[in-house]
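Undergrad: The amino acid sequence is not available; the structure is as follows:
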Ligand code: ADP
Ligand code: ADP
């Protein structure tokens with residue numbers, strides 16, 4: 001589903017952020033990407049969503065060499081992924097329902113589909129009572145659940161999450177990863193950057209550790225025990 005082949009990234013200021021990275025992630029895996037600050041984790045995710053291009057190597061997502069995509073093709077790639085941000089990135093002046101509905105609207109869903117699917121997704125993340133609230137009226141954990149609902153609304157094959165629990169308290173962190181696990185059980189591939197050891201220990205998933213732009217540890221594929 002995702003393959004890195006000999007991928008290196010040097011930023012324009014000369015920083016080597018990824019150093020000959022090889023990695024394969026199969027459909028349906030749940031992978032934690034760990035490593036200290038500055039290790040190259042965000043750069044790694046940016047290669048997948050095509051926010052940055054490597055200087056060397058190839059990144060294949062869903063059989064597409066994303067490093068060869070033209071700018072105009074990138075939005076089509078992103079439709080196959082749901083992206084969850086540490087800082088939520090919700091639209092402040094839209095209520096919860098509209099934040100999620102908007103993500104369907106931009107990919108051309110009909111009003112009928114939107115009316116059907118948004119309430120289902122609000123139920124899945126447990127926010128049916130908060131549909132009319134603005135993001136500013138919600139707790140951090142609730143805002144992140146809106147972020148998750150938005151990432152999931154178009155049924156992506158892959159979820160990319162860059163420290164999705166970075167701005168919520170520890171109890172809620174587990175809740176967020178529980179939700180991601182539930183989504184993973186339904187077949188969605190998940191890559192999640194985190195620096196929370198407690199989460200990594202608790203959830204027993206594949207762990208890939210990046211240090212100085214290199215993969216220095218990889219548990220490999222982990223079979224999930226139900
Ligand atoms: P992490 O997500 O693990 O904290 P990053 O991928 O953000 O690491 O950064 C890896 C390295 O690349 C760091 O040394 C960082 O300072 C550098 N870096 C990240 N983004 C840029 C950029 N846009 N320009 C120059 N250097 C960058
Ligand atoms: P151990 O002593 O068994 O390595 P750790 O607490 O160091 O235990 O690591 C537990 C798991 O977390 C390991 O699978 C390790 O690869 C992973 N890990 C390593 N570095 C980090 C990190 N910065 N953040 C989160 N997890 C990490």
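TA: Here it is on my side, so go on. All values reported here derive from a predicted model rather than from experimental measurement. Ligands and ions are numbered 1, 2, ... in the order given.
Undergrad: Residue 52 and ligand 1: what is the separation?
TA: 7 Å (CB to the nearest ligand atom, to the nearest Å). All C-beta spots, glycine's among them, are computed from the backbone N, C-alpha and C.
Undergrad: got a pLDDT number for that residue?
TA: For residue 52, the model assigns a pLDDT of 94.
Undergrad: which SS class is it?
TA: coil (DSSP: H, G, I helix; E, B strand; the rest coil).
Undergrad: Nearest spatial neighbour of the one residue sitting closest to the centre of the chain, chain-adjacent residues omitted?
TA: Centroid-nearest residue in the chain: residue 160, 1.7 Å away (criterion: CA atoms, centre = their mean). Leaving aside its chain neighbours, residue 160 sits nearest to residue 83 (5.0 Å; criterion: CB to CB, 6 or more residues apart in numbering).
Undergrad: Hmm, the residue nearest to the centre of the chain is touching residue 180, no?
TA: No. Between residue 160 and residue 180 there is no contact under CB atoms under 8 Å: 11.2 Å.
Undergrad: before we move on, back to that, please name the residues that touch the residue nearest to the centre of the chain.
TA: 45, 48-49, 81-84, 191 (CB atoms under 8 Å, 6 or more residues apart in numbering).
Undergrad: Beta-bridge partners for it, please?
TA: residue 83, residue 191 (DSSP bridges).
Undergrad: who does the lengthiest helix in the chain touch, helix- and strand-wise?
TA: For the chain, the helix that runs over the most residues, judged by DSSP state H, is helix 170-185. Applying 3 or more CB pairs under 8 Å, 6 or more residues apart in numbering; DSSP states H and E, one finds that helix 170-185 contacts strand 30-34, helix 140-152, strand 158-162, strand 189-193, helix 197-203.
Undergrad: Dump those into TSV; add mean pLDDT and distance to residue 75 as well.
TA: Shown next, in TSV, are the helices and strands packed on helix 170-185 (pLDDT from 0 to 100; distance: least, CB to CB, whole Å):
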stretch	mean pLDDT	distance to residue 75
strand 30-34	97	24
helix 140-152	93	16
strand 158-162	95	15
strand 189-193	97	20
helix 197-203	92	31
